[in-house]
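S.K.: using only what follows, build the 3D model:
(2 chains)
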Amino acid sequence: MTNPVQDAYPVNDVRGLFPQLAVPVNGMPLVYLDSAATSLKFGIGLRKELDFASHEMAAVNRGAHTLAAEATEKFDEARATVARFVGARPANIVWTSNATDGINMVANGFRISSLGRTATDGRFRLAEGDEIVVTEAEHHANLIPWQELARATGAVLRVAAVTDGGVLTVDAVRAVVSDRTRVVAFTHVSNVLGIVNPVTEITALAHSVGAIVVLDACQSAPHIPLNLAELGVDFAVFSAHKMYGPTGIGALYGRDEALAEMPPVLFGGSMITYVDYERAEYLPAPAKFEPGTPRLTQAIGWAAALDIMSAIGREAIAAHEEALGSALYDLVEPLPGVRILGAKHGVDRVGLVSVAVDGVHPHDVGQFLDSKGIAVRVGYHCAQPLHRRLGVDSSTRMSVGMHTTLAEIEFAVDVLSGVRRYFGEA
Amino acid sequence: MSLEALYQQIILDHNKRKVGYGLGEGGTPSHQYNPTCGDELNLTVRLDDSKSVITGFEWEGKGCSISQASASLLSQEAAGMTIPEFTEFAEGFREAMRSRGAIALDEEEFGDLAALSGVSKFVARVKCAMLAWVAAEDSLARAQDSLD
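M.R.: This is a model prediction of the structure:
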């Protein structure tokens, strides 16, 4: 097979940035095809975290001492870096624990605006019979918070169907959107299928009925150059740990109006202008969503990771991964008894392929691959309903990262091709 | 760790030809579910008329080769045991599975189940091997409750 990308893309230099790749697994070189679950970390990013915590640590946004001022400056720079990376301004970025946390915050904003004595008028208020739209392709994190919100408020959860090939069409969303739709929550890229959804079209449709759009950008932000302002969504969430950054930190992006309108959902210090024994007044976003001491070292580490990605080049990374993903799909497709979940043609994809192997359980597939040093995800990838919809219990997922090589893809597919014989199915 | 440490031929065979597969009517079936992988198992323990001897196990389910082989081997090796014998047997099996490779299942006592010894080195797979056993203990407990 020819190698269309790797001559231009410095994959060997990129691989040198990841200390984990130097650690063998089961005596074999690690072939890490589980980036969609969590990515490997840059050695430089980890050292930046350690340096900051070792020499520059101080409480931010308070205190007059030199260290505090310098730490605050670095922390603000980190927010600006994350914002730039997704086409936003710093004021549009709220720190969260991870993407799940961000979605729950927005859902809780609706809950607080809808229930009891904190209910208000406006777009965040849900009444009985209002509708929340999600899709069949959602990760549990973008399904369960909305189910719970619907249960609490009496709103109705409506689910846009995907095709048998896992494709979400604008028409399928249109079929469940009505003038009662208040929220449309959907994923940019399915974590099971790798298919890129038509964000701008769905967003325009949702906005035509006045609904708030919440985008799960977990699987797109690490792989495709992203401009959230251009996409026009009201909210988006993504996680550092899938972007070669630390665990424990993520971001909630919100448009100015959306963040201004959404009520705070967590309460405490650092978010207020005035407090007495009866009540408090809050700072503007993002501060009003960020009570308590923030995730300092994680923010520094995340920004360092994004700086490295930007230096290598977002477009170059995306092109490299797209070529690998395409090769992965094409190599797996002809294997007998191996079914790929999700269509290839007529859709954009990231470098991710999930398969069901006839007669062999994903745990056994994963164990077989692991014995050759190949790390993949097995199970239902936090998407039980989607697996049921596609007629399988679970699957084996291979997902590429910026460090993946064509040789690794070829090796992994070669090993995969031997799984059914080993388990007596071929 | 080598693949052969986990997948002995006996396991691969029992994954294909499952002893005890197929649930009859009645009994006290126990449903067990592993939420990390979605594996499911329904198993019922059959007792003799005196309600003191296990005459057999019946089960259905879906899961990996380890969970399927463990249910099959349990059905093969533990049929005919008295309830106290089975209780001790299950405790021994669990202890070996949780030993992280320190305790091998004795072939004299555990027969073909000894092929599952390697599972204990693969911590993520221990719950696969235990699924049928948890179901058997639960089914047995409920069979005994129904005697009261």
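
S.K.: and for chain A, the residue most distant from the center?
M.R.: Computed with CA atoms, centre = their mean, the residue of chain A farthest from its C-alpha average is A:Tyr277, at 40.0 Å.

S.K.: please report how far that one lies from B:Thr36.
M.R.: Remark: distance between A:Tyr277 and B:Thr36 (CB to CB, to the nearest Å) = 48 Å. Backbone N, C-alpha and C define where each C-beta goes, glycine included.

S.K.: do B:Glu60 as well
M.R.: In this structure, B:Glu60 and B:Thr36 are 20 Å apart, going by CB to CB.

S.K.: so who does A:Leu231 touch?
M.R.: Shown here is A:Leu231, whose contacts under the criterion CB atoms under 8 Å, 6 or more residues apart in numbering or on different chains are A:199-200, A:203, A:215.

S.K.: quick check, nearest of these to chain B?
M.R.: Of all those, the one with the least separation from chain B (CB to the nearest CB) is A:Leu215, at 27.4 Å.

S.K.: wasn't that closest one part of a strand?
M.R.: Yes: assigned with DSSP: H, G, I helix; E, B strand; the rest coil, A:Leu215 falls within a strand.

S.K.: show me what it is bridged to.
M.R.: On the basis of DSSP bridges, A:Leu215 is bridged to A:Phe186, A:Ala236.

S.K.: ok, now which ones touch it?
M.R.: A:185-188, A:199, A:203, A:228, A:231, A:233, A:235-237.

S.K.: and which of those is nearest to chain B?
M.R.: For the contacts of A:Leu215, the residue nearest chain B by CB to the nearest CB is A:Thr187; the value is 20.5 Å.

S.K.: for A:Thr135, phi and psi?
M.R.: The phi and psi torsions at A:Thr135 (degrees, to the nearest 10) take the values phi -130, psi 170.

S.K.: residue contacts, it?
M.R.: A:159-162, A:168, A:172-173, A:186-187, A:197.

S.K.: now it. Nearest residue, chain neighbours left out?
M.R.: Taking CB to CB, 6 or more residues apart in numbering or on different chains, and ignoring the residues beside it in sequence, A:Thr135 has A:Ala160 as its nearest neighbour in space, at 4.4 Å.

S.K.: and the two most separated of the contacts of A:Leu231?
M.R.: Longest distance between any two of the contacts of A:Leu231 is 10.8 Å, between A:Thr200 and A:Leu215; criterion CB to CB.

S.K.: residues making contact with the helix or strand of chain B at the bottom of the mean pLDDT ranking?
M.R.: Taking mean pLDDT, DSSP states H and E as the measure, chain B has helix B:3-6 as its least confident helix or strand, at a mean of 87. Contacts with helix B:3-6, where a contact means CB under 8 Å, 6+ apart, come from A:367-368, A:371, A:422, B:66, B:118-119, B:121-122, B:125.

S.K.: downstream neighbour of it in the secondary structure list?
M.R.: Stepping forward along the backbone from helix B:3-6, the first helix or strand reached (DSSP states H and E) is helix B:9-16.

S.K.: just how off-centre is that next one within its chain?
M.R.: Between the centre of helix B:9-16 and the centre of its host chain there is 14 Å, according to CA atoms, centre = their mean, to the nearest Å.
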